[in-house]
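J.: Please find the sequence and the predicted model below.
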Amino acid sequence: MSPRPLIHDAEHWRKRAEEARRLAERMMDLESRRVMLEIAKSYDELAARAETKDKDKRQS
């Protein structure tokens with residue numbers, strides 16, 4: 001069995017989002033912090049998509 005692609009791994013994306021938030025907390029530059037929080041939000045969206053795709057796959 002081949003490893004699951006990361007694009008479908010919600011846990012992977014949630015960890016990346018949390019890491020981005022931790023980095024943002026330490027940033028002094030407000031624009032850099034804002035961009036890093038946007039990146040975290042995008043990772044959360046990827047996690048949600050992966051969960052939806054996984055749920056759809058299990059139901060079919």
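T.: That came through fine.
J.: wouldn't residue 39 be in contact with residue 20 here?
T.: Yes - using Cβ atoms under 8 Å, residue 39 is in contact with residue 20, at 4.8 Å. In this view, the C-beta of every residue, glycine as well, is placed from N, C-alpha and C.
J.: and the two? which has more neighbours close in?
T.: residue 20 (20 against 17; other Cβ atoms under 10 Å).
J.: Please name the residues that touch the spatially most central residue of the chain.
T.: The residue lying closest to the centre of the chain (Cα atoms, centre = their mean) is residue 43, at 2.5 Å. Shown in contact with residue 43 (Cβ atoms under 8 Å, 6 or more residues apart in numbering): 13-14, 16-17, 20.
J.: Which one (most neighbours) among the residues you listed?
T.: The most neighbours of any of the contacts of residue 43, using other Cβ under 10 Å, belong to residue 13, which has 22 neighbours.
J.: quick one: pLDDT of the residue nearest to it when sequence neighbours are not counted?
T.: With Cβ to Cβ, 6 or more residues apart in numbering as the criterion, residue 13 has its nearest non-adjacent residue at 3.7 Å, and that residue is residue 47. Note on residue 47: pLDDT of 97.
J.: which stretch of helix or strand covers residue 47?
T.: Per DSSP states H and E, residue 47 falls inside helix 30-59.
J.: got the buried residues for that helix?
T.: Of the residues in helix 30-59, 36-37, 39-40, 43-44, 46-47, 50 count as buried by neighbour count, 16 or more other Cβ atoms under 10 Å.
J.: buried set for stretch 15-31?
T.: Quick answer for stretch 15-31 (16+ other Cβ under 10 Å): 16-17, 20-21, 24.
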